[in-house]
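Please work out how this folds:
(one chain, ligands or ions: 1)
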Amino acid sequence: MNKLLIVGTVAFDAIETPFGKTDKILGGAATYIGLSAAQFDIESAIVSVVGDDFPQDYLDLLKNRNIDITGTEIVKGGKTFFWSGKYHNDLNSRDTLDTQLNVLADFQPVVPEDFKTPDIVMLGNLHPLVQLSVLEQLKRPKLVVLDTMNFWMDNTWDDLMKVIEKVDVLTINDEEARQLTEEYSLVKAARKIAKMGPKYVVIKKGEHGALLFHNNQIFFAPALPLEEVFDPTGAGDTFAGGFTGYLAHTGDISFKNMKNAVIYGSTLASFCVEKFGTERMQDLKKEEVHERLEDFKSLTQFQIKLT
Ligand code: AMP
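Numbers count the residues shown, from 1 in each chain. Below you'll find the model as predicted:
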């Protein structure tokens, strides 16, 4: 079975959307990535850190999905990473209200022995030096995918540049792609990012779908039009988990197969937003995913007669 190594935050989130508000609930980039990638028959592990204020139930939830968490350190007397955000009425944009690094501030990641030669690495959102340190502990994987966000561009630009040049794929949202490159056109932004290192660039556009760029080729997948959108938190990470989970499962990292991975990622993300936090991803069934993949096909297929 192919191996996927996931790095990222395992966190407490407090979220406010026009539909409601939560106190501290389970969140974190690696959590969403792991739950999403758990839809595939692969071996996965999360390298992360939490404090001893983190409930055992949350850790069990990951373990019960067959995710190896031996590389998720529990710091005695430490406080878990905390993020809080508030969505605007259209749910397309949000303000970060608070980011408390806590135990993440001095985290030294250790990759479990079993995962030192993974097929694919998903470097989820977290300090770029932690992402880099994980890469340095590995035999070069087939594919390294990086996700990041404005917080790290604002606070750790130089470190972020060091990790970007080492990865094969960058997944990033449209606003962050513009911040990273100072280009408004996403086509120009993707070209600039490719010059920084990643040969493949995925730009996520929330409810407007996702774009995949490679050399001069572009692939576009829309997002499924949904009746219920409750909480977009984690949609980007769920996308990344679906994208890398599918690539690990198939073992095929060609551009052609990456298109399918984008579709899988978008489909899984469409479930994530239907409930608060990780709730929807916790009991998601394969059959539901397959049904929605069929919906995706009929949404995008057409036969046109040229006049
Ligand atoms: P997304 O909505 O896909 O951007 O991901 C939201 C998740 O990212 C939340 O569960 C947060 O805990 C986590 N998160 C927020 N800010 C950061 C950050 N600066 N570094 C790492 N993870 C973060």
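
Find the least confident helix or strand in this protein, judged by mean pLDDT.
Ranking every helix and strand in the chain by mean pLDDT, DSSP states H and E puts strand 20-21 at the bottom, with a mean of 90.

Report the mean per-residue pLDDT for the helix or strand following it.
Per DSSP states H and E, the first helix or strand lying C-terminal to strand 20-21 is strand 25-27. Here strand 25-27 scores 98 as its mean pLDDT.

quick one: buried residues of whichever helix or strand comes after strand 25-27?
Next helix or strand after strand 25-27 toward the C-terminus (DSSP H and E): helix 29-37. Within helix 29-37, the residues scored as buried using 16 or more other CB atoms under 10 Å are 29-37. Any C-beta I mention is one placed from the backbone N, CA and C, and that applies to glycine too.

and what of stretch 235-252?
Within stretch 235-252, the residues that count as buried by 16+ other CB under 10 Å are 235-250.

Thr99 - that's part of a strand, no?
Yes. Looking at Thr99 with DSSP: H, G, I helix; E, B strand; the rest coil, it is inside a strand.

ok, it - how many residues close by?
By other CB atoms under 10 Å, 16 other residues sit near Thr99.

tell me the contacts of Ile69?
Counting by CB atoms under 8 Å, 6 or more residues apart in numbering, Ile69 touches 45-46, 59, 62-63.

Of those, which belong to helices?
Judged by DSSP state H, the subset of these located in helices is 59, 62-63.

who wins for neighbours among these?
Most neighbours among the ones in helices among the contacts of Ile69, by other CB under 10 Å: Leu62, with 23 neighbours.

any idea how far that one is from Val145?
Distance, Leu62 to Val145, by CB to CB, to the nearest Å: 20 Å.

now swap in Phe302 and tell me
Note on Phe302: its distance to Val145, by CB to CB, is 31 Å.

And for Tyr87?
Here Tyr87 is placed at a distance of 26 Å from Val145 (CB to CB).

one step back: higher neighbour count, Phe302 and Val145?
The neighbour count for Phe302 versus Val145, taken as other CB under 10 Å, is higher for Val145 (26 against 6).

Give me the pLDDT value at that one.
For Val145, pLDDT reads 98.

residues in the stretch 201-307 of the chain within reach of the ligand, list them.
When proximity is defined by CB under 6 Å from any ligand atom, the stretch 201-307 of the chain lies next to the ligand at 233-237.

Kindly recompute the last result at 8 Å.
Within the stretch 201-307 of the chain, the residues that sit near the ligand (CB under 8 Å from any ligand atom) are 232-240, 277.

possible to save those residues as JSON lines with pLDDT?
Shown next, in JSON lines, are those (pLDDT from 0 to 100):
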{"residue": "Pro232", "pLDDT": "94"}
{"residue": "Thr233", "pLDDT": "96"}
{"residue": "Gly234", "pLDDT": "96"}
{"residue": "Ala235", "pLDDT": "95"}
{"residue": "Gly236", "pLDDT": "95"}
{"residue": "Asp237", "pLDDT": "97"}
{"residue": "Thr238", "pLDDT": "97"}
{"residue": "Phe239", "pLDDT": "97"}
{"residue": "Ala240", "pLDDT": "98"}
{"residue": "Gly277", "pLDDT": "96"}
